[in-house]
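A.B. asks: Return atomic coordinates for the entry below.
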Amino acid sequence: MRITFTKKLETMDVVKTKTKKNWLLHSKVGLTSAVLVVLILMLIWANQASSTVSVARNSLLIEAVRQGDLRVEVEGYGSLTSDKQQLITAYTSATVKEIVLKPGATVSANSVIVRLENPELEQQVENARQELTQINANLRQLKLNNQREKLNESANLAEIESRLEAATLKREAEQILVKQGIVSSLTYQQSVLDQKQLTKRIQILKERIQQLELVHQESVKIQEERVKQQQGQLNIALDRLNKLTVRAGIDGVLQRLSVELGQSLAPGSEVALIGSITDLIALIRVPQNQIQQVQIGQQAIIDTRRDKIMGTVARIDPIVDNNSVEVEISLPASLPKSARPMSNVDGTIIADTLKNVKYIKRPAGIKSNTQVDLYKYDAGQQIAQLQTIKFGTQTGQFIEIRSGANLNEQFIISDLNNLQANNPRLSVE
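C.D. replies: Residues are numbered from 1 along each chain as shown. This next block holds a predicted model:
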């Protein structure tokens, strides 16, 4: 029995030993699991902490999504310019003698801008004037000669007519005497012949005087043509001389003066540019990627920094220059005082109106018809998370939202491209 008892004790001792080992094993497994859970939580917390960046609230631009009618506007910049301009050039070779007005001066049509000089042209005028005087004297001499010749012919006609009257009286007397036999028939026939000859000479002389009158008239006309021609030469020379005194030609403002005192000018050289004051247009440069929205006839608003003027798109330049296109805006005849030629202005072209759409102030760097990730701001939790938004038409400072955002949701529109790549979540403090 002792042996048996011993065996039981040994059996019991073995059982007790196994129970203690299982408890320790379970304890180790639980502890390991707890450590793993803590490690996982720490990793999650570390991952969230590493992906969250704190940003100051006052350094951000945050805007809410709006909804309603959105006017599609195309903005540009440019300047006012005169619709009517006159370029003044040198008519002949000259030297700038005096500058009377400077750019910016208001001018009338007769305002003197500069005075030029050309001694050769002055001499040409004097020579032309003397030549005209000589030709006029020749004309007067010709008329005197014609008058003298006409008087001579008239005297000859009067003499022959007088002789004809005497021959007629003689023939008539002899006609009676020949019947009485006092005068011979031969003498009478001679008297008749003399009368006929004198009559014929008078007829010829009258025809000659008529032809002479025509010759005189033609010679005078020829000489008068020479006078007229020379007068034209003198007028041209005088006109060229008068144009040495350069005048504005139109009412407006002196926009550009291209000469200096003492400068020598060749014919056709630019002297000045005159532009109208009241008849103005606006030349606005519009970005190339928005020009397809602009059409002739659309309304536009021109901002002079002091006044806003309504205008109409009148012309679109077909040429692209520096990624922009020039658009001409016609303006009304009555303009405010702030509208002056060459002054810088901003232009807004009203291209269309989008009805009942969602929109937001245009975020930095965002263009029309693009899909972009923006930080959606939660004011309650003071966090911002990236959200994909599809944009539509850009209009001035606003841009249409086609999908990805709801009314009144707030988004950060500041330029945060440097954070978006590695930080999908922001902490806004």
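A.B. asks: separation between Ile350 and Gln293?
C.D. replies: 10 Å (Cβ to Cβ, to the nearest Å). The way it works is simple: take the backbone N, C-alpha and C, and place the C-beta from them, glycine included.
A.B. asks: any common contacting residues for these two?
C.D. replies: Val72 (Cβ atoms under 8 Å, 6 or more residues apart in numbering).
A.B. asks: worst-scoring helix or strand of this protein, pLDDT-wise?
C.D. replies: helix 2-51 (a mean of 50; mean pLDDT, DSSP states H and E).
A.B. asks: ok, Ile390 - contacts?
C.D. replies: Quick fix: residue 390 is Lys, not Ile. Thr370, Gln371, Ile401, Arg402, Ser403, Gly404.
A.B. asks: Identify the residues contacting the last one.
C.D. replies: So the one you mean is Gly404. The contact partners of Gly404, taken as Cβ under 8 Å, 6+ apart, are Gln387, Thr388, Ile389, Lys390.
A.B. asks: at 10 Å what do you get?
C.D. replies: 65, 358, 371-374, 376, 387-391, 411 (Cβ atoms under 10 Å, 6 or more residues apart in numbering).
A.B. asks: now do the fourth one
C.D. replies: Arg402 is in contact with Val357, Lys358, Asn369, Gln371, Ile389, Lys390, Phe391, Gly392, Thr393, counting by Cβ under 10 Å, 6+ apart.
A.B. asks: part of a strand, is the last one?
C.D. replies: The reference is to Thr393. Yes - counting by DSSP: H, G, I helix; E, B strand; the rest coil, Thr393 is located in a strand.
A.B. asks: Roughly how far does Asn406 sit from Gln67?
C.D. replies: Separation of Asn406 from Gln67 (Cβ to Cβ): 9 Å.
A.B. asks: report the longest helix in the protein, please.
C.D. replies: Assignment by DSSP state H gives helix 119-180 as the longest helix of the chain.
A.B. asks: from the chain's centre, how far out does that helix sit?
C.D. replies: Centroid separation between helix 119-180 and its chain, computed with Cα atoms, centre = their mean, to the nearest Å, is 68 Å.
A.B. asks: other SSEs contacting that helix?
C.D. replies: Counting contacts by 3 or more Cβ pairs under 10 Å, 6 or more residues apart in numbering; DSSP states H and E, helix 119-180 packs against strand 94-99, helix 185-242.
A.B. asks: could you check the angle strand 94-99 makes with the last one?
C.D. replies: Looking back up the chat, that one is helix 185-242. 60 degrees (axes from the mean of the first three to the mean of the last three Cα atoms, to 10 degrees).
A.B. asks: mind starting the numbering at 22 from now?
C.D. replies: In the new count, where the first residue is 22, that last one comes out as helix 206-263.
A.B. asks: what sits against Leu375?
C.D. replies: Neighbouring residues of Leu375 by Cβ under 10 Å, 6+ apart: Gly89, Asp90, Leu91, Arg92, Val93, Gly413, Thr414, Thr416, Phe419, Glu421.
A.B. asks: Name the helix or strand for Ser75, please.
C.D. replies: strand 73-76 (DSSP states H and E).
A.B. asks: My error: substitute Thr299 in the last question.
C.D. replies: Per DSSP H and E, there is no helix or strand for Thr299.
A.B. asks: and it, how many neighbours does it have?
C.D. replies: Residue neighbour count, defined by other Cβ atoms under 10 Å, stands at 15 for Thr299.
A.B. asks: I figured it was touching Ile271, is that so?
C.D. replies: No - the criterion here is Cβ atoms under 10 Å, and Thr299 misses it with Ile271 at 11.6 Å.
A.B. asks: Between these two, which contacts overlap?
C.D. replies: Counting by Cβ under 10 Å, 6+ apart, the residues touching both Thr299 and Ile271 are Ser103, Lys105.
A.B. asks: before we move on, back to that, mind putting the contacts of Lys411 into a markdown table with pLDDT and secondary structure?
C.D. replies: Formatted as a markdown table, the contacts of Lys411 follow (pLDDT from 0 to 100; DSSP: H, G, I helix; E, B strand; the rest coil):
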| residue | pLDDT | secondary structure |
| --- | --- | --- |
| Thr391 | 91 | coil |
| Gln392 | 91 | strand |
| Ile422 | 93 | strand |
| Arg423 | 91 | strand |
| Ser424 | 91 | strand |
| Gly425 | 90 | coil |
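A.B. asks: picking up where we left off before, which of the helices and strands packed on helix 140-201 sits most buried?
C.D. replies: strand 115-120 (a mean of 17; mean count of other Cβ atoms under 10 Å).
A.B. asks: Taking helix 140-201 as reference, get the angle to it.
C.D. replies: 110 degrees.
A.B. asks: Please work out which residues outside strand 115-120 touch it.
C.D. replies: Contacts of strand 115-120 (Cβ under 10 Å, 6+ apart): 111, 133-142, 261, 264-267, 278, 280-288, 290, 292.
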